[in-house]
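1. Sharing a model prediction with you, sequence too.
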Number of protein chains: 2
Amino acid sequence: ARPRVGYFYTGKTGSQLLTEKIKKLQVYQYQSMPVVVDESVSVYDAICTMFLEDVGTLFVVDKNSSLVGVLSRKDLLRASLGNSNLEAIPVNIIMTRMPNITFCHKDDLIIDVAEKIIEKQIDAVPVVKHTEHGYEVIGRLTKTNMTKVLVDIAKDEII
Amino acid sequence: ARPRVGYFYTGKTGSQLLTEKIKKLQVYQYQSMPVVVDESVSVYDAICTMFLEDVGTLFVVDKNSSLVGVLSRKDLLRASLGNSNLEAIPVNIIMTRMPNITFCHKDDLIIDVAEKIIEKQIDAVPVVKHTEHGYEVIGRLTKTNMTKVLVDIAKDEII
């Protein structure tokens, strides 16, 4: 049972306490599974993977499974518009690449990632872990996850 | 100044009051401008409009400006994959059409729309107004808007 108003006085209102709980939410609590493709696959195969896995963003990795790029639906749509032979174009030609990728770690604050998503106008952010080769992709945090956080707050399910 | 714990007792904790404020947020408080195309335009032109306007979802209207369809990036990507002549295909062949469109009104609750967005796995919902011809599109509510709501809650800017 949660404490009620009047039980004690911490100097904070209940709404401040809820706001603080929301601010403390961490990426791992809401992250989804990432979908990755190798940097050598074609744009055509990447589009097929996007439909098969039903995601809006793919992460591109090198032979060490390290993050080297991000592919959004917008990137793939742009590529498909100007090119007739999508099987001949490797994704590493069209992807957004390091160091222009916005990423996060599993214990980062969701709110910080939400602000980055709005500021950079992106749909999803890879959740990464440092390895000896670079960054391994261990999750993804999307605007769908943000919408779920909002629904959970309204349903009182995060507190 | 907001009342502090101890000033009065309404039977509700501050966190319940904040949750109630979040639940009462209405669509018009966060909606964005809609981008519409006529049902006779080609898939090619729709993709160009999507890039020019930098949106993820287009709404399709008939000659009375009534909503008849929705086009997502996913719909356009699917169409562009299978077809070489996108200028020859009208959008009304590939769009999601009434009555399969999820829409909302400007005074609907944002939380209800958020739940629909997750349940139906869509990116955006048109905000409509009844007219003698059908539904006029007056706004759009997207997962980006939901992310902004979340950021505003964390910044204490909705209360």
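-> The structure has been received and is ready for your questions. All values derive from a computational prediction rather than experimental measurement.

2. Chain A: strands as residue ranges?
-> Applying DSSP state E to chain A gives strands spanning A:36-38, A:57-61, A:67-72, A:96-97, A:124-130, A:135-142.

3. Determine which stretch of those strands is the most buried.
-> Neighbour counts (mean count of other C-beta atoms under 10 Å in any protein chain shown) averaged over each of these peak at strand A:57-61, with a mean of 24. Where C-beta positions appear, they are placed from N, C-alpha and C, glycine not excepted.

4. Can you list the helices and strands that that strand packs against?
-> strand A:36-38, helix A:43-53, strand A:67-72, strand A:135-142 (3 or more C-beta pairs under 8 Å, 6 or more residues apart in numbering or on different chains; DSSP states H and E).

5. go with 6 Å
-> In this structure, strand A:57-61 packs against strand A:36-38, strand A:67-72, with contacts taken as 3 or more C-beta pairs under 6 Å, 6 or more residues apart in numbering or on different chains; DSSP states H and E.

6. Quick one, which of those strands gets closest to B:L71.
-> strand A:67-72 (16.9 Å; C-beta to C-beta).

7. Please list the outside residues in contact with the closest one.
-> Contacts with strand A:67-72, where a contact means C-beta atoms under 6 Å, 6 or more residues apart in numbering or on different chains, come from A:39, A:46, A:57-62, A:91, A:95-97, A:101, A:123, A:128, A:135, A:137.

8. Tell me what A:H130 is bridged to.
-> A:Y135 (DSSP bridges).

9. how far away is it from chain B?
-> Using C-beta to the nearest C-beta, to the nearest Å, A:H130 is found at 27 Å from chain B.

10. And A:Y28, by the same measure?
-> Distance, A:Y28 to chain B, using C-beta to the nearest C-beta: 17 Å.

11. burial measure for that residue, as a count.
-> 15 (other C-beta atoms under 10 Å in any protein chain shown).

12. Does A:V36 touch A:V61 like I think?
-> Yes. With contact defined as C-beta atoms under 6 Å, A:V36 reaches A:V61; the gap is 5.0 Å.

13. in stretch A:49-56, what counts as buried?
-> For stretch A:49-56, the neighbour count (16 or more other C-beta atoms under 10 Å in any protein chain shown) marks A:49-50, A:55-56 as buried.

14. Could you pull up the mean pLDDT of it?
-> Mean pLDDT, stretch A:49-56: 96.

15. And for that stretch, what's in contact with it?
-> Stretch A:49-56 has contacts (C-beta under 6 Å, 6+ apart) with A:35, A:37, A:58, A:73, A:123.

16. so who does the second one touch?
-> With contacts defined as C-beta under 6 Å, 6+ apart, the neighbours of A:V37 are A:46, A:49, A:58, A:60.

17. hang on, the last one packs against A:I94?
-> No. With contact taken as C-beta under 6 Å, A:V60 and A:I94 are classed as non-touching, separated by 9.9 Å.

18. The helix or strand bottoming out on mean pLDDT in chain A packs against which elements?
-> Least confident element among the helices and strands of chain A, by mean pLDDT, DSSP states H and E: helix A:14-24 (a mean of 81). Contact analysis of helix A:14-24 by 3+ C-beta pairs under 6 Å, 6+ apart lists helix B:14-24, helix B:143-154 as its packing neighbours.

19. now with 10 Å?
-> Packing partners of helix A:14-24 (3 or more C-beta pairs under 10 Å, 6 or more residues apart in numbering or on different chains; DSSP states H and E): helix A:110-120, helix A:143-154, helix B:14-24, helix B:143-154.

20. The ones you listed: lowest mean pLDDT?
-> Lowest mean pLDDT within the helices and strands packed on helix A:14-24: helix B:14-24, a mean of 81.

21. and that one with helix A:14-24, angle?
-> Calculated by axes from the mean of the first three to the mean of the last three C-alpha atoms, to 10 degrees, helix B:14-24 forms an angle of 70 degrees with helix A:14-24.

22. Buried ones in helix B:14-24, by neighbour count?
-> Neighbour counts over helix B:14-24 (16+ other C-beta under 10 Å) mark B:14-19, B:22 as buried.

23. Closest one of those residues to chain A?
-> Of all the buried residues of helix B:14-24, chain A sits closest to B:G14, with 2.3 Å by C-beta to the nearest C-beta.

24. Including distance to A:A154, could the helices and strands packed on strand A:57-61 go into a markdown table?
-> A markdown table is the format used below for the helices and strands packed on strand A:57-61 (distance: least, C-beta to C-beta, whole Å):
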| stretch | distance to A:A154 |
| --- | --- |
| strand A:36-38 | 33 |
| strand A:67-72 | 28 |
